[in-house]
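Asks: Structure of the sequence below:
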Amino acid sequence: CGEAVSLNHIEHELLRARWDEPSLHACIVCASASCPDLANFAFAGDASLPDQMRRRVTNFLGDTHKGLAVHRNTVTLSRILLWFEDDFRGRHGGPLNFVAAAAPDPARPALQLRNPLLKYFPYDWSLNKRD
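Replies: Okay, the predicted model is just below:
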């Protein structure tokens, strides 16, 4: 092709604009402390891709400090689900339905609450730390 593109262009114009898959938000990340953790592998463009993406979503939602936390009638989510709310609508049923379907098993029953109080984690833009 020979066309110069930025990472921002790849994420927003090539992937999000052409692919109705909100799991991208757990896979294509900016490396800030509040972003989903970076994968330590390359995503494969084969039959394993859906499973790789599903695991990244579950991993992110399993982080009770930046992905998902449930306490009584309060559900706290990453601001990514607020900022990109439209990506989770349509066939995905909205951010809360997407999370309820993808959350780690222990959190799923609490996500079936009627009218939970929805909150969002503060977003930390500092660079994530290497573990």
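
Asks: Helices of the protein, residue ranges please.
Replies: 7-9, 49-61, 80-83, 95-102 (DSSP state H).

Asks: Columns mean pLDDT on top of those helices, output as JSON lines?
Replies: JSON lines is the format used below for the helices of the chain (pLDDT from 0 to 100):
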{"stretch": "helix 7-9", "mean pLDDT": "86"}
{"stretch": "helix 49-61", "mean pLDDT": "94"}
{"stretch": "helix 80-83", "mean pLDDT": "96"}
{"stretch": "helix 95-102", "mean pLDDT": "90"}
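
Asks: Tyr123 is nearest to which of these?
Replies: helix 80-83 (8.4 Å; Cβ to Cβ). Quick note: C-beta positions are derived from backbone N, CA and C, even for glycine.

Asks: list the helices and strands the closest one packs on?
Replies: Counting contacts by 3 or more Cβ pairs under 8 Å, 6 or more residues apart in numbering; DSSP states H and E, helix 80-83 packs against helix 95-102.
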